[in-house]
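J.: Need coordinates for the following:
(one chain, ligands or ions: 1)
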Amino acid sequence: MARVVIRNLNKMYNEVHAVKGVNLEIRDREFVVLVGPSGCGKTTTLRMVAGLESITSGDVLIGDTVVNTLPPMDRDIAMVFQNYALYPHMSVHDNMAFGLKMRKFARVEIDRRVREAADILGIQTLLERKPRQLSGGQRQRVALGRAIVRHPQVFLFDEPLSNLDAKLRVQMRVELKKIHDRLGTTAIYVTHDQVEAMTLGDRVVVMKDGVVQQVGEPLELYNAPANRFVAGFIGSPAMNFATVGVTEQQGAIFAVGEGMQLKLPSPFAARLQGHLGKQVTLGIRPEDLRLASGNDADGLSFAAVVEVVERLGSQILLDVKVGTGTMVAAVEPTIQAKIRDHLRLAVNAERLHFFDGGSDVAI
Ligand code: ATP
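T.: The predicted model follows:
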């Protein structure tokens with residue numbers, strides 16, 4: 001096991017600057033997830049750590065060794081990909097044993113490691129089968145097994161669950177977490193799925209256009225996103241955004257937007273002082289909106305018209321019109337609401353977010 005350090009890493013594909021000055025320190029035994037939309041450079045970053053892609057500039061260290069020019073097989077890493085790439089003519093046992101055989105491990109040791117991995121993955125009874133006799137989930141386990149038998153310093157995962165159906169993905173996600181808990185091997189995991197990132201990662205790295213936007217523990221990203229992009233990317237349904245002007249009236253600070261005039265509690269008032277008279281972006285998570293009751297102050301609620309009601313069982317999502325904009329409110333499942341209802345929504349004032357109107361950086 002080892003830490004992985006990425007220092008000022010860049011990748012150019014001709015004129016495409018795919019990875020831009022990435023700096024990361026992945027601690028020994030840590031599970032770090034790189035997440036971002038398609039094309040943000042997460043796979044390219046992982047492939048440079050693996051040695052499958054050349055480095056344009058910067059350094060990758062595994063343990064204390066700079067591995068920039070080491071071939072993949074000398075880096076003591078094991079990769080698991082989206083397409084399991086099992087050898088169809090070989091049994092599960094031989095698929096898992098193959099890498100060790102190539103490395104000239106003794107037969108007894110190979111057998112010991114294959115059985116140990118099969119135990120961890122619960123595939124002891126499948127060892128004699130061929131890949132075509134396995135379900136997708138079982139194949140993915142074999143692909144994991146092939147990585148586990150190597151006892152590598154670092155696991156690198158590239159969207160390993162995306163070929164599985166939704167239910168199996170959730171199940172394998174839990175298993176991956178258990179396996180990591182048991183083995184404690186340092187892991188870097190790439191996905192475009194923010195739920196996967198939030199549930200698997202000790203820390204999550206959010207990327208966009210080749211640039212790291214924020215690194216943090218899942219709840220840190222959720223509660224204190226560094227900018228509007230992270231705020232919108234992490235969380236489902238996504239955060240609502242509205243452009244508001246910051247004004248002062250009789251010593252109180254207000255956020256005034258279409259269809260709303262919110263009187264801000266003192267911590268926000270202090271933070272927004274420097275933005276008086278300017279337009280900023282207000283962010284409200286759907287679960288921080290609820291139906292207003294008589295006790296809710298006017299300054300923390302606004303009128304809305306229901307456009308769509310999505311009943312999810314555990315909660316109801318109300319798509320509402322506020323002024324000419326739209327918002328989503330996640331409300332109690334017992335709420336009776338219909339299309340075209342006029343209602344008032346109250347905000348959880350402690351949990352508002354504000355972003356600079358120009359730079360989109362959190363205020
Ligand atoms: P996805 O989730 O779609 O795989 P990603 O975040 O992993 O996306 P990368 O595959 O790292 O993104 O690609 C980053 C950028 O580099 C993209 O703009 C992509 O088009 C470009 N790119 C990737 N591989 C090559 C290549 N071999 N030649 C040229 N451009 C490439």
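J.: Contacts only, for residue 172.
T.: Residues in contact with residue 172 (C-beta atoms under 8 Å, 6 or more residues apart in numbering) are 137, 140-141, 160-161, 164. C-beta: built from backbone N, CA, C; applies to glycine.
J.: Now pLDDT and neighbour count too, for those, in TSV please.
T.: Listed next are these as TSV, based on pLDDT from 0 to 100; neighbours: other C-beta atoms under 10 Å:
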residue	pLDDT	neighbour count
137	85	17
140	88	25
141	89	26
160	88	26
161	88	23
164	80	19
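J.: okay, those in a markdown table with distance to residue 48 and secondary structure next?
T.: Shown next, in a markdown table, are these (distance: C-beta to C-beta, whole Å; DSSP: H, G, I helix; E, B strand; the rest coil):
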| residue | distance to residue 48 | secondary structure |
| --- | --- | --- |
| 137 | 30 | helix |
| 140 | 25 | helix |
| 141 | 28 | helix |
| 160 | 18 | coil |
| 161 | 22 | coil |
| 164 | 27 | coil |
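J.: How much space separates the residue nearest to residue 80 when sequence neighbours are not counted from residue 139?
T.: Ranked by C-beta to C-beta, 6 or more residues apart in numbering and with sequence neighbours excluded, the top spatial neighbour of residue 80 is residue 160, at 4.5 Å. Distance of residue 160 to residue 139, given as C-beta to C-beta, to the nearest Å: 11 Å.
J.: of the contacts of residue 172, closest to residue 269?
T.: For these, the residue nearest residue 269 by C-beta to C-beta is residue 161; the value is 44.6 Å.
J.: If we ignore the residues flanking it in sequence, what's nearest that closest one?
T.: Spatial nearest neighbour of residue 161, excluding adjacent residues (C-beta to C-beta, 6+ apart): residue 169 at 4.7 Å.
J.: does that neighbour belong to a helix or a strand, and which?
T.: helix 166-183 (DSSP states H and E).
J.: buried stuff in that helix?
T.: Using 16 or more other C-beta atoms under 10 Å as the test for burial, helix 166-183 gives 168-169, 172-173, 175-176, 179-180, 183.
J.: partners of whichever helix or strand comes after that helix in the sheet?
T.: Note on helix 166-183: by DSSP H and E, the next helix or strand toward the C-terminus is strand 186-191. Strand 186-191 pairs in its sheet with strand 31-35 (parallel), strand 154-158 (parallel), by DSSP bridges.
J.: Adding distance to residue 5 and mean neighbour count, write those strands out as a markdown table.
T.: Listed next are those as a markdown table, based on distance: least, C-beta to C-beta, whole Å; neighbours: other C-beta atoms under 10 Å:
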| stretch | distance to residue 5 | mean neighbour count |
| --- | --- | --- |
| strand 31-35 | 12 | 25 |
| strand 154-158 | 12 | 24 |
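J.: how far away is the residue of the chain most remote from its centre from the ligand?
T.: With C-alpha atoms, centre = their mean as the measure, the chain has its most outlying C-alpha, relative to the mean C-alpha position, at residue 250: 42.9 Å. Counting by C-beta to the nearest ligand atom, to the nearest Å, the gap from residue 250 to the ligand is 49 Å.
J.: go on, residue 347?
T.: According to C-beta to the nearest ligand atom, residue 347 stands 34 Å off from the ligand.
J.: Dig out what that residue forms beta bridges with.
T.: Here residue 347, judged by DSSP bridges, has bridge partners residue 289.
J.: how many neighbours does it have?
T.: 23 (other C-beta atoms under 10 Å).
J.: Repeat that for residue 81.
T.: 15.
J.: For the residue nearest to it when sequence neighbours are not counted, give its distance to residue 39.
T.: Of all residues not flanking residue 81 in the chain, residue 158 sits nearest, at 5.1 Å (C-beta to C-beta, 6+ apart). In this view, residue 158 and residue 39 are 15 Å apart by C-beta to C-beta.
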